[in-house]
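Visitor: The sequence and its predicted three-dimensional model are supplied below.
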Amino acid sequence: MKKIILALFFAAFAVAAYSQTVIKHVSNSSNISGHITTINNSATNNNPNAVLIVTQDYGVYNVHEIGVWYAGGKWKIFNQNRKPMPKNNRFNILVLPKGSRSYVHTTTGGNTTGHITRLNHPSVNGKSNALVFVTQNYGKYNTSVVGVWYNSDRWKVYNEDMKPMPVGTRFNVYVVYEGAVNNGRIRGTAFKHTNQSSGHISWMNHSRAKDRSSQLFIAQNWKGTYNPHTTGVWYSNGKWTTYNQDRKTMAKNVRFNVLAVKSSSAQSNQKPVKVTKSPSNSKAKVKVSACCYGSDWSGVSFIAENSREGVIKPSTKNSSDDAVFYLSDGTYTIRATAKPIICADQSDPYASTRVVVRNGVASPSNINLKLKF
């Protein structure tokens, strides 16, 4: 009996640990239907109880408040006002199991007054130092941009435009604290950022805001200033920023809760593959496959870190070829050396991909890129 109980315990632990991950989703013609884009990832498929926290990561402007919705075995991201979802919109997604710090809040007549709904959960009650992140989870359409606010020993979620909060609106809630975050597979740093910039872009000065490989999540945290504009994150000039999608000026002193998740927490969309080693038996084999379209190509070079490791040479439109790297243990950034390049899966002009090699095994080991000059 003890062996059975222990086995069940470790199995449950493994499932919980696996379900805590970070993924990136990009909207495209194959996953968009009107105002909805469907996520297709092993971490979210057939996982209706997952708690998803989503932040838009600049690929294109999307001025509409978003939410998530589960149907047909898959999670979807949608525009609350049902305006069309643009192509090449990028989303950072935290995938969490329901637990002591991740849960779903539903607005009712008893917890909602005007444009504000009050959270009631042990993770937040009386905890002014908590950093709260929320994403709307379809129960009712709520087209307003939302933020969080601490008052009278309770955290609240509110509509930034002060329009009434619909009863039946649901929110995914995730709670962390400032400093290091180590929650299963989610590892990173949480901090507050207050806007002191001009224009619609706010530049972050925290040390973790300099790491381009991090995936950022934000929530507006009321500090006396409303910002009724859909926001996103964008990496530029060596720093992460938050910005208003409609390019309206962001007021000074607008405050954000920020979670910067380390790239090693992220799950690749590709299944891990055990790779063969090079003839020296000391390196991992990594294959880059590129499908090129839009123009005739004479060749594109790729580098791993600062050393040239392989060259892709498609000769005609819509052709493909492979480049192979043999990499020692370590962390690499594989990217194209030519610019400008547009990657169909991300807006990074160099189509950068991060690869980690441990004990002669690379993750990811197969990289598929769609490129266009």
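Guide: That came in fine, so what should we check first?
Visitor: show me where the stretch 151-300 of the chain has strands.
Guide: For the stretch 151-300 of the chain, the strands defined by DSSP state E, counting those that start in this stretch occupy 154-159, 170-177, 179-183, 186-194, 201-203, 215-220, 231-236, 239-244, 255-261, 284-292, 300-304.
Visitor: Out of those, the one nearest residue 85 is which?
Guide: For residue 85, the closest of those is strand 231-236, at 14.0 Å, according to C-beta to C-beta. Glycine gets a C-beta too; all of them are placed from N, C-alpha and C.
Visitor: The residue most central in space within the chain sits in which helix or strand?
Guide: With distances taken as C-alpha atoms, centre = their mean, residue 92 lies nearest the centre of the chain, 1.2 Å away. Using DSSP states H and E, residue 92 maps to strand 90-96.
Visitor: got the angle for that strand vs strand 186-194?
Guide: 120 degrees (axes from the mean of the first three to the mean of the last three C-alpha atoms, to 10 degrees).
Visitor: Output stretch 44-62 in PDB, but only the C-alpha positions, please.
Guide: The C-alpha trace of stretch 44-62 is given here as PDB (Å, rounded to 0.1, in the frame of the first residue of the first chain):
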ATOM      1  CA  THR A  44      -2.600  23.300 -23.000                       C
ATOM      2  CA  ASN A  45      -4.400  20.700 -25.200                       C
ATOM      3  CA  ASN A  46      -7.000  18.700 -23.300                       C
ATOM      4  CA  ASN A  47      -6.200  20.700 -20.200                       C
ATOM      5  CA  PRO A  48      -9.500  22.500 -19.300                       C
ATOM      6  CA  ASN A  49      -8.400  23.200 -15.700                       C
ATOM      7  CA  ALA A  50      -5.200  25.000 -16.700                       C
ATOM      8  CA  VAL A  51      -4.900  28.600 -15.500                       C
ATOM      9  CA  LEU A  52      -3.500  30.700 -18.300                       C
ATOM     10  CA  ILE A  53      -1.900  34.200 -17.800                       C
ATOM     11  CA  VAL A  54      -1.300  36.000 -21.100                       C
ATOM     12  CA  THR A  55       0.600  39.100 -22.100                       C
ATOM     13  CA  GLN A  56       0.900  40.400 -25.700                       C
ATOM     14  CA  ASP A  57       4.500  40.600 -26.900                       C
ATOM     15  CA  TYR A  58       4.800  43.000 -29.800                       C
ATOM     16  CA  GLY A  59       4.600  41.500 -33.300                       C
ATOM     17  CA  VAL A  60       1.800  43.700 -34.500                       C
ATOM     18  CA  TYR A  61      -0.400  46.200 -32.800                       C
ATOM     19  CA  ASN A  62      -3.600  44.700 -31.300                       C
END
